[in-house]
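Asker: Next one to model:
(chains A, B, C and D)
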There are 2 protein chains.
Amino acid sequence: MANYKLAIMLQVKDIPNAEILQKFADRYPQTDIKNVMTFLNLLRVGSDLSLGLNSYLAEYDLLQGRWWVLLLLMREDNLSSTPSALAEKAGVSRATMTGLLDGLLRDKLISRVHGKRDRRQILIRMTVLGQAKLDEVMPGYYQRVNQLMQALSETETTQLMSLLKKIYQQRHVFEDESHLK
Amino acid sequence: MANYKLAIMLQVKDIPNAEILQKFADRYPQTDIKNVMTFLNLLRVGSDLSLGLNSYLAEYDLLQGRWWVLLLLMREDNLSSTPSALAEKAGVSRATMTGLLDGLLRDKLISRVHGKRDRRQILIRMTVLGQAKLDEVMPGYYQRVNQLMQALSETETTQLMSLLKKIYQQRHVFEDESHLK
DNA sequence: AGCTTATAGTTAGCCACCTAATCATGTCAA
DNA sequence: TTGACATGATTAGGTGGCTAACTATAAGCT
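Answerer: Next comes the predicted model:
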């Protein structure tokens, strides 16, 4: 039993074709080829879009982690939050958040202030530079998302949301033995 | 212009709701809320499934990278390939493949043999232990994929494949300025 | 033959993620 | 009020990505 650690997604460039999957299906009879292909395609599309988003953000010296932190701060009325709250909302460990904040601080996009009431807490506030960075990045981001989603009609987008939601509800299948019949 | 490096997907736990997106839409008028939400959900589902797959594989001391290498080798008639061919098919750099192969070698799941014709080449062959590992992992993998995809009917699965394909064709939107109108 | 260029693989060093351990501060109950 | 436990943040150490630089071998020209 190993420790599972990384959120790194394999960039599945070479999804097996039906013939190859059939070879596996012979060895492993439970295989449903169509299901596997759909699953792998879902992973691949997600991975490629994530990679693409990163490559866009990198033009502005950001990656998804630090960019998302700025977005979370922008949502707050006073542009402030704490490391643990940010870690929770971003879905990363507090240790990772410390690292992300280190990077943002280095680029002066945020500031760290020690809490007054609870001296364990640190208050993170987005700086004017941070806001400027976001103002630089976001228009192009929205433009590209729109461009991407133009591949689908309004109806298809609704459909996709609905299908994703159904799959999302099953997401614990890999983790939790009890979900198997 | 920074260097873009990681295939790490942000685990977007906290997708903004319509109200928050509206706030951003006020600041950034090009925002199409529905498109953004669909995009973020696609990223999130991909990320969560990838994470789940990793957590399953970790029970067998594998992660997606090393697991995928074993699958690629299993496809080959003689269970053999070269590091560069594997890197190409797995969609990772040759340097990363070196690292993955190091790990597989440590666990004796593959063997390295120096090429005869071209002495620069190394031949990677899956060992009996490697095949046994895959035979251990794959049934549960297929079982879980089937379980996951039971969320969708046959028709819905076909629909999803079609929608994903349409989006996939637009995947260069983030990387290539010329795709913007 | 001997240069130059291309190719296969590894190494070095960076980044973002993780868990576990640590340190400081708060809280609560005997 | 003090000892046990909880909580916020950081540090240490490991993994798997990346690019760039390096070594060794091969191939192609002149």
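
Asker: where does chain A have low pLDDT?
Answerer: A:1-16, A:176-181 (pLDDT under 70).

Asker: so where do the strands sit in chain A?
Answerer: A:80-81, A:110-114, A:122-126 (DSSP state E).

Asker: Residue A:124: how many residues sit nearby?
Answerer: Residues contacting residue A:124 under the criterion other CB atoms under 10 Å in any protein chain shown number 24. For glycine as for every other residue, the C-beta is placed from the backbone atoms N, C-alpha and C.

Asker: how much space between it and residue B:90?
Answerer: 38 Å (CB to CB, to the nearest Å).

Asker: hmm, back to that, would you mind putting the strands of chain A into CSV with distance to DNA strand C alongside?
Answerer: What follows is those, written out as CSV (distance: least, CB to the nearest atom of the strand, whole Å):
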stretch, distance to DNA strand C
strand A:80-81, 16
strand A:110-114, 9
strand A:122-126, 11
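
Asker: Reformat those into TSV and put distance to residue B:117 next to each item.
Answerer: Below are the strands of chain A laid out as TSV (distance: least, CB to CB, whole Å):
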stretch	distance to residue B:117
strand A:80-81	60
strand A:110-114	57
strand A:122-126	59
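
Asker: Compare those and give me the one nearest DNA strand D.
Answerer: When these are compared by CB to the nearest atom of the strand, strand A:122-126 sits nearest DNA strand D, at 4.0 Å.

Asker: is it true that residue A:148 touches residue B:173?
Answerer: Yes: if you go by CB atoms under 8 Å, residue A:148 and residue B:173 touch, sitting 4.7 Å apart.

Asker: nearest spatial neighbour of residue A:169, skipping sequence neighbours?
Answerer: residue B:151 (6.5 Å; CB to CB, 6 or more residues apart in numbering or on different chains).

Asker: need the contact list for that neighbour.
Answerer: A:166-167, A:169-170 (CB atoms under 8 Å, 6 or more residues apart in numbering or on different chains).

Asker: cool, residue A:121 as well?
Answerer: Contacts of residue A:121 by CB under 8 Å, 6+ apart are A:82, A:114-115.

Asker: For residue B:135, which of the strands of chain A is the nearest?
Answerer: strand A:80-81 (48.2 Å; CB to CB).

Asker: thinking again about what came up before, phi first, then psi, for the residue nearest to residue A:169.
Answerer: phi -60, psi -20 (degrees, to the nearest 10).

Asker: if I look at it, how far off is residue A:162?
Answerer: Residue B:151 is 11 Å from residue A:162, by CB to CB.

Asker: Specify the residue positioned farthest from the middle of chain A.
Answerer: Ranked by distance from the centre of chain A (CA atoms, centre = their mean), the top residue is residue A:26, with 35.6 Å.

Asker: what about residue A:140, neighbour count?
Answerer: So residue A:140, with other CB under 10 Å, has 18 neighbours.

Asker: list the contacts for the residue lying closest to it once chain neighbours are set aside?
Answerer: Excluding the flanking residues, the one nearest residue A:140 by CB to CB, 6+ apart is residue A:56, at 6.9 Å. Residue A:56 is in contact with A:140-141, A:144, B:174-175, counting by CB under 8 Å, 6+ apart.

Asker: so which of the contacts of residue A:121 comes closest to chain B?
Answerer: residue A:82 (14.8 Å; CB to the nearest CB).

Asker: Would you mark the buried spots in stretch A:93-101?
Answerer: A:97, A:100-101 (16 or more other CB atoms under 10 Å in any protein chain shown).

Asker: and it, anywhere near chain B?
Answerer: No: if you take CB under 8 Å from any CB of the partner chain as the test, stretch A:93-101 misses chain B, and the best it gets is 10.1 Å.

Asker: residues near the residue of chain A found nearest chain B, how many?
Answerer: Using CB to the nearest CB, the closest approach of chain A to chain B is made by residue A:46 at 1.8 Å. Neighbourhood size, residue A:46 [other CB under 10 Å]: 23.
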